[in-house]
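*Asks:* just a sequence and a predicted model for now, questions to come.
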Amino acid sequence: MAPSAITETLSSTLTLKGGDKPAETVKQEEKEKTPLEAISHGMVMPGIPTFPTYAAHRRHILVHMAATFRFFARCGFTEGQSGHISVRDPEFNGLMWMNPLGRHFGMLTAGDMICLDIATGKVVGGNTSRPANAAGYLIHSAVHRRRPNDIHAICHAHSNAGRAWSVFARPLEMLNQDVCNFYNAHAVYARYGGIVFAAEEGDHIAEALGDRNKGVILMNHGLLTVGSTVDEAGFMFGLLDRACAMQLQVEAAAANGIPKHVISDDEAAYNFKMASEVNALYREAQPDIEYELEAAGGEDALARGFENLRMAP
């Protein structure tokens, strides 16, 4: 990939003293574009927003969390009571918000979310009319504890393609441009410990995710993705599931003798660099988030119940 694709050169022309020498072009230091600058033609798309108060930030997070759940429902990621998303509270770093057990992803609003203490599992606020998912708490709390600085949201669900590919306990190949978002950034948890009813299994999953990966394939179980925002984690989950589906399709074709062409390490690393920055990934999620907001009747519809949420950190 040519460097000119991601950099801009600022040039100025100087005429040397004396008048008898040709003009020389002096190149100033090249300025590398951000991923959002590189992809935007004209005005630059905005990245992760900031908020004047913690309450405004919390409302935004929980509304986008509800929209992400509705996106999951539209994608068919539901399986009974399985699946959960958690988001670290923007004000109290030791607390996280999760969905209640047994409420359909497609019905969730901000007011449905439960606030839990990451260290103890104690319910400290939010919706207290339903229980949280015990297995979900054990998985999410372990990941949040292991990576308190860069992970603010975690998504886990039992999607069809994710479960199907997981049985091979193999990482994905870089078969296309989009899956390069996971280049050297996804892992495989190649053991199965049953339904997560003990903290030890959650710790094993967090260990398999490691210190820098964005996703993990859980053998015989499903997928888990993480992000600096719920928007990023949700987009990455959908991408990981679609990548699993494509890998299965490609493997079926390859079994009939059709050769595969895998993206080179250099190109995959370049794609990862330009596509996996946190503001770019936040922006990638917004078309689906905005679709769900529009389908629900606007942001206020998905914020329903937020004004009634209480916290006792």
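*Replies:* Nice, I can see it.
*Asks:* how about Asn279, nearest residue that isn't a chain neighbour?
*Replies:* Gly47 (2.9 Å; C-beta to C-beta, 6 or more residues apart in numbering). C-beta: built from backbone N, CA, C; applies to glycine.
*Asks:* run through the protein and note the low-pLDDT ranges.
*Replies:* 1-30, 313 (pLDDT under 70).
*Asks:* rerun at 80
*Replies:* Applying pLDDT under 80 to the chain flags residues 1-31, 196-198, 312-313.
*Asks:* how about the helices in it?
*Replies:* 35-39, 54-75, 134-146, 160-166, 199-209, 230-254, 265-275, 278-296, 299-302 (DSSP state H).
*Asks:* now these as a markdown table including mean neighbour count?
*Replies:* Formatted as a markdown table, the helices of the chain follow (neighbours: other C-beta atoms under 10 Å):
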| stretch | mean neighbour count |
| --- | --- |
| helix 35-39 | 16 |
| helix 54-75 | 22 |
| helix 134-146 | 22 |
| helix 160-166 | 21 |
| helix 199-209 | 19 |
| helix 230-254 | 21 |
| helix 265-275 | 16 |
| helix 278-296 | 18 |
| helix 299-302 | 17 |
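*Asks:* right, and the ones you listed - which one's nearest Val188?
*Replies:* Among the helices of the chain, helix 199-209 comes nearest to Val188, with 7.2 Å by C-beta to C-beta.
*Asks:* ok, and what's touching the closest one?
*Replies:* The set of residues external to helix 199-209 that reach it, using C-beta atoms under 8 Å, 6 or more residues apart in numbering, is 138-143, 145-147, 187-191, 193-194, 196, 215-216, 218, 224, 226.
*Asks:* and with 6 Å instead?
*Replies:* Leu138, Ile139, Ala142, Val143, Arg146, Ala187, Tyr189, Gly193, Val196, Val216 (C-beta atoms under 6 Å, 6 or more residues apart in numbering).
*Asks:* can you get me a residue count around the nearest residue to Gly102 once chain neighbours are set aside?
*Replies:* Excluding the flanking residues, the one nearest Gly102 by C-beta to C-beta, 6+ apart is Gln81, at 5.0 Å. Applying other C-beta atoms under 10 Å, we find 14 residues neighbouring Gln81.
*Asks:* most widely separated two among the contacts of helix 199-209?
*Replies:* Taking C-beta to C-beta, no two of the contacts of helix 199-209 sit farther apart than Leu138 and Ala187, at 18.7 Å.
*Asks:* what's the burial count for the closest residue to Gly94 other than its chain neighbours?
*Replies:* With sequence-adjacent residues excluded and distances taken as C-beta to C-beta, 6+ apart, Gly94 is closest to Ile118, at 5.4 Å. For Ile118, the number of neighbouring residues by other C-beta under 10 Å comes to 22.
*Asks:* ditto for Arg170
*Replies:* By the criterion of other C-beta under 10 Å, Arg170 has 14 neighbours.
*Asks:* beta partners of the residue nearest to it when sequence neighbours are not counted?
*Replies:* The shortest distance from Arg170 to any non-neighbouring residue, by C-beta to C-beta, 6+ apart, is to Val188 (6.6 Å). Counting by DSSP bridges, Val188 forms beta bridges with Ile217.
*Asks:* hmm, back to that, in this structure the residue nearest to Gly102 contacts Arg103, no?
*Replies:* No - using C-beta atoms under 6 Å as the test, Gln81 is too far from Arg103 to be in contact (8.9 Å).
*Asks:* with adjacent residues omitted, what lies nearest to the residue nearest the centre of the chain?
*Replies:* The residue lying closest to the centre of the chain (C-alpha atoms, centre = their mean) is Ala233, at 1.8 Å. Nearest in space to Ala233, with sequence neighbours left out and distances taken as C-beta to C-beta, 6+ apart, is Gly227 at 3.5 Å.
*Asks:* and the one you found, what does it touch?
*Replies:* By C-beta under 6 Å, 6+ apart, Gly227 lies in contact with Ala153, Ala233, Met236.
*Asks:* I'd assumed Thr225 was in contact with the last one.
*Replies:* Looking back up the chat, that one is Met236. Yes - at 4.2 Å, Met236 counts as touching Thr225 under the criterion of C-beta under 6 Å.
*Asks:* if I look at Ala285, how far off is Gly76?
*Replies:* Computed as C-beta to C-beta, to the nearest Å, the Ala285 to Gly76 distance reads 18 Å.
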